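>>> Quick check, what structure comes out for this input:
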Amino acid sequence: MSEDEFTPKLGRPGAKDGKRLAKYGGRVLAAARLAGSKTGVRSGRFDGSRIGRGASIGRLLASGDRFADARTRRAVVKVRLVRMAGSGFAAARAHLRYIQRDGVTRDGSPGELYGRELDATDGKAFLERCAGDRHQFRFIVSAEDGAEYPDLKPYVRRLMAQAEHDLGTRLDWIAVDHFNTDQPHTHIMLRGVDDQGQNLVIAREYIAHGLRERAAELATLDLGPRTDREIEERLRHDVTQERLTAIDRRLIRRMDADRVTGPAHNDPFQQAVATGRLRKLGAMGLAEDLGAGRWRLADGLEQALRDMGERGDIIRLMQRELTACRVERAQADRVIDRELRTPVVGCVLRRGFADELRDRHYLIIDGTDGRAHYLDIGLGSAIDPTPQGSIVRITPRTLAVREVDRTIAAVAASQGGCYSVALHLEHDPQTSRAFAEAHVRRLEAMRRSGLVDRQSDGSFRIPDDHLERVATYEARLLRDRPVVIETLSPIPLEKLPSADAATWLDRALAGEDSVSARDAGFGREVRVALAARRQWLVEQGLAEIGSDDQVRLKRGMLAALQRRELLRVASGLSEELGKAFVEVGQGAKIEGRLTRKVELAGGRYGLVERSRDFTLVPWRSILERELGKPVAGVARSEGINWQLGRNRSGPQIS
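Below you'll find the predicted structure:
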């Protein structure tokens, strides 16, 4: 009989052994269910975590108890997958500039790119290789005891070599080591293609567990296992910490369905540590003593401890930065505004990364209310530069469908699902063209996010679910840009009292910009600056002292100061460019190439050049994308009506 002809016949277990086999089979099924999840029931939902390279090794590394061997050195690996389509390539270029910025090495010099073999590699060449990639991986690798490495390059190269072995492909990557924080770490950019040029798909289990375990293994091999003394010192330190610790994780892993756990342990030292930690959690209101060594852990314990740890990190960051800026504020005058509710006006003390991998930034503001504020401002790429010392107003952004969105939907519903300025005017002849053009600006912003389409004739195709798409757009915008930052003065407060320009202090004195300054901290400094500015305006003949000893501003003071500065700066630019300066009058047409942004004490301006002359126009954030391009517009009393887009008959921005 050949092998192909063999057909096995499986029968039922005999009566003699059937009961025993059934009992054993039930035990196997029960064990399988318990292995599926903490609840003993494996979810049937497919989550895709095992698709891609490294799935098996990631599952193997994740199956071990990462807390069982206390001697293993720990490592943190953060991973982000970035799509390269659309603005992804520009974001990759910006990220490369960021990781090479000044002050990240031990001696404060710029970061140095390196790769598999070379200590100095070409970042531009790497980006050129990434041009056709679908995606890119970005890693931050930090060994717990990384400060003990004299050089992190050999460690990172061995880690990436191990990843190549686990994933079964050669990897194309570059890295930069950073020593500008308490914990040295490495930024790695990895191309999203394998050695055959195909898309590199890494299993989620390897990303979540495998790479971290490999980094910990190498750190343990390089620096040796942790000693008993190191372990005991760390545990004693963790007992009183107001953050998530390894002790908490063990307690959580041992708790039952009723969230009851205990310090039971064969090692007396471990038992004492767990008991001390439970008492600390009880004092924090996160655990309840049930007696007999049993404790019930609070719901949401893990997240609560994570939030406490993050808040503690922010407090230490604020203390360090305030000390570096020589700003003294009491603990009660330090505010962490994770979700800003009221506007904050103040001086920028520091801008930094709240999350380096996801490009989320923070600002520390010395407010006019006499307090120091920590604010999460969202994606750094979505926020204009905020130089240290500049004065800003930060306002919380609200999530809401606007009236402009409802108007667009109404016009489109009556015009066959299309919107344009002409269709809007046809729908409502009473409206003004400038009002209709404001709706185009809203649609242009949504088009860049891929939520609406612009047709070849310049009109927009508006889907039936437009308002639902607007809600999605606003939610994304709120996540990426939770606040609105308005620069009130690009130059520091100490230079404003004698500045020959229309400054924020002048607008405050004229009542155009209300200022509530507390007589403490930065608020006191603002009050002193306002008094000095009043005196300067009197000396310049732009204000006078009345019979009641009150300073009264003369009419046209702001316009006169603004024109003074504009003509002074334009004179210098005229000598530099060899061209004449032309002022913009109401109704004048503006045409030329937008060549640069000019920072003045009174605000930002755009330089528009023509063949023989140039002009300066008030800056708008919408002009950022037009730098180096021809622009056209018409000056009006309410501002400049810009005609931007693919053609002059296209979208107009007021």
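>>> CA only for contacts and neighbour counts going forward, please
Will do.
>>> My guess is residue 318 contacts residue 366. True?
No. Using CA atoms under 8 Å, residue 318 makes no contact with residue 366, being 11.0 Å away.
>>> of these two, who's got more company?
Legend: neighbour count by other CA atoms under 10 Å for residue 318 and residue 366, higher for residue 366 (28 against 20).
>>> okay, the closest residue to that one other than its chain neighbours: pLDDT?
With CA to CA, 6 or more residues apart in numbering as the criterion, residue 366 has its nearest non-adjacent residue at 4.6 Å, and that residue is residue 372. Here the pLDDT value assigned to residue 372 is 92.
>>> Check residue 156 too.
94.
>>> Would you mind listing the outside residues contacting the helix or strand containing it?
With the criterion set as DSSP states H and E, the secondary-structure element containing residue 156 is helix 153-167. When contacts are defined by CA atoms under 8 Å, 6 or more residues apart in numbering, helix 153-167 is touched by residues 53-54, 57, 115-116, 170-171, 177, 186, 202, 211, 214-215, 218-219.
>>> Buried members of those residues into PyMOL, please.
Isolation of the buried members of the contacts of helix 153-167 (16 or more other CA atoms under 10 Å) is achieved in PyMOL through the command below:
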select buried, resi 53+54+57+115+116+171+177+186+202+211+214+215+218+219
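>>> Which members of the contacts of helix 153-167 are positioned in strands?
Of the contacts of helix 153-167, the ones assigned to strands by DSSP state E are 177, 186.
>>> Looking at the contacts of helix 153-167, which is nearest residue 562?
Relative to residue 562, the closest of those is residue 177; by CA to CA it sits at 46.7 Å.
>>> ok, that closest one - contacts?
Listed by CA under 8 Å, 6+ apart, the contact set of residue 177 reads 104-105, 111-112, 152-153, 184-187.
>>> let's see 7 Å
By CA atoms under 7 Å, 6 or more residues apart in numbering, the residues touching residue 177 are 111, 152, 185-187.
>>> May I ask which two of those residues are separated the most?
The span of the contacts of residue 177, defined through CA to CA, is set by 111 and 152 at 12.8 Å.
>>> which residues of the stretch 151-300 of the chain fall in helices?
Using DSSP state H, counting those that start in this stretch, the helices of the stretch 151-300 of the chain run over 153-167, 204-205, 211-223, 228-239, 246-254, 268-283.
>>> Name the stretch among those that sits most buried.
Between these, helix 204-205 has the highest mean count of neighbours, a mean of 22, where neighbours are mean count of other CA atoms under 10 Å.
>>> Beta-bridge partners for residue 393, please?
When assigned by DSSP bridges, residue 393 has beta-bridge partners residue 345, residue 486.
>>> For it, give its distance to residue 501.
Here the distance between residue 393 and residue 501 works out to 20 Å (CA to CA, to the nearest Å).
>>> Just want to know which of the two has more residues nearby.
Neighbour count, other CA under 10 Å: between residue 393 and residue 501, residue 501 has more, with 23 against 18.
>>> Can you classify the more buried one as helix, strand or coil?
The three-state assignment at residue 501 reads coil, by DSSP: H, G, I helix; E, B strand; the rest coil.
>>> Would you confirm that residue 447 belongs to a helix?
Yes. Counting by three-state DSSP, residue 447 is located in a helix.
>>> Leaving out the residues flanking it, which one is nearest to it?
With CA to CA, 6+ apart as the measure, residue 453 is the residue that lies nearest to residue 447, at 6.0 Å, once sequence neighbours are left out.
>>> now residue 85
Once flanking residues are discounted, residue 85 sits nearest to residue 134: 6.8 Å by CA to CA, 6+ apart.
>>> Return the residues in contact with that neighbour.
For residue 134, the contact set (CA under 7 Å, 6+ apart) comprises 83-85, 192.
>>> Look through this protein and tell me its longest helix.
Looking across the chain with DSSP state H, the single longest helix is helix 301-324.
>>> how does this structure divide into domains?
Dividing the chain into domains by automatic domain parsing, as the record does, gives the ranges 55-223, 228-303, 403-480, 559-653.
>>> can you list the ones you listed in a markdown table and add distance to residue 361?
Below are the domains of the chain laid out as a markdown table (distance: least, CA to CA, whole Å):
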| stretch | distance to residue 361 |
| --- | --- |
| domain 55-223 | 13 |
| domain 228-303 | 22 |
| domain 403-480 | 10 |
| domain 559-653 | 19 |
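>>> Among those domains, which comes closest to residue 328?
Residue 328 sits nearest to domain 55-223 of all the domains of the chain, at 22.6 Å, using CA to CA.
>>> What is the linear distance spanned by that closest one between its boundary residues?
Using CA to CA, the distance between the terminal residues of domain 55-223 is 28 Å.
>>> How about stretch 601-618?
13 Å.
>>> ok, now which ones touch the residue nearest to residue 236 when sequence neighbours are not counted?
Beyond its immediate neighbours in the sequence, the residue positioned closest to residue 236 (CA to CA, 6+ apart) is residue 273, lying 6.9 Å away. Contact partners of residue 273, counting by CA under 7 Å, 6+ apart, are 235-236, 239.
>>> Residue 171 too?
Contacts here follow CA under 7 Å, 6+ apart; on that basis residue 171 touches 164, 194-195.
>>> Tell me how far it lies from residue 584.
Taking CA to CA as the measure, residue 171 and residue 584 are separated by 56 Å.
>>> for residue 343, same thing?
Counting by CA to CA, the gap from residue 343 to residue 584 is 34 Å.
>>> Residue 261 now?
Using CA to CA, one gets 75 Å for the distance from residue 261 to residue 584.
>>> When the two are compared, which one has more neighbours?
Using other CA under 10 Å as the criterion, residue 261 and residue 584 rank with residue 261 on top: 22 against 16.
>>> bridging residues for that one?
Residues found in beta-bridge contact with residue 261 (criterion: DSSP bridges) are residue 295.
>>> Phi first, then psi, for the nearest residue to residue 629 once chain neighbours are set aside.
Nearest-residue entry for residue 629: residue 593, 5.4 Å, with adjacent residues in sequence omitted and distances by CA to CA, 6+ apart. Residue 593 has phi and psi values of phi -100, psi 130 when expressed as degrees, to the nearest 10.
>>> Assign a three-state SS to residue 434, would you?
Secondary structure assignment for residue 434 (three-state DSSP): helix.
>>> I'd like to know how many residues surround it.
Under the neighbour criterion other CA under 10 Å, residue 434 is assigned a count of 14.
>>> what separates it from residue 286, distance-wise?
Summarising the geometry, the distance separating residue 434 from residue 286, computed by CA to CA, is 58 Å.
>>> Over to residue 431?
Counting by CA to CA, the gap from residue 431 to residue 286 is 60 Å.
>>> Over to residue 56?
From residue 56 across to residue 286, the span is 38 Å (CA to CA).
>>> Repeat that for residue 559.
Between residue 559 and residue 286 the distance is 60 Å, computed by CA to CA.
>>> Next: residue 601.
As for residue 601, its distance to residue 286 is 52 Å (criterion: CA to CA).
>>> Residues contacting stretch 346-357, please?
Stretch 346-357 is contacted from outside by 80, 359-368, 388-393, using CA under 7 Å, 6+ apart.
>>> Restrict that stretch to CA atoms and write it as PDB.
Backbone C-alpha positions of stretch 346-357 (Å, rounded to 0.1, in the frame of the first residue of the first chain) are rendered in PDB as follows:
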ATOM      1  CA  GLY A 346       2.300  85.200  29.900                       C
ATOM      2  CA  CYS A 347       5.900  84.900  29.000                       C
ATOM      3  CA  VAL A 348       7.300  81.700  27.400                       C
ATOM      4  CA  LEU A 349       9.900  80.200  29.800                       C
ATOM      5  CA  ARG A 350      10.500  77.000  28.000                       C
ATOM      6  CA  ARG A 351       9.100  74.800  25.200                       C
ATOM      7  CA  GLY A 352       9.900  71.100  25.100                       C
ATOM      8  CA  PHE A 353       8.700  67.600  24.200                       C
ATOM      9  CA  ALA A 354       6.000  66.000  26.400                       C
ATOM     10  CA  ASP A 355       6.300  62.900  24.100                       C
ATOM     11  CA  GLU A 356       9.400  62.800  21.800                       C
ATOM     12  CA  LEU A 357       8.100  59.900  19.700                       C
END
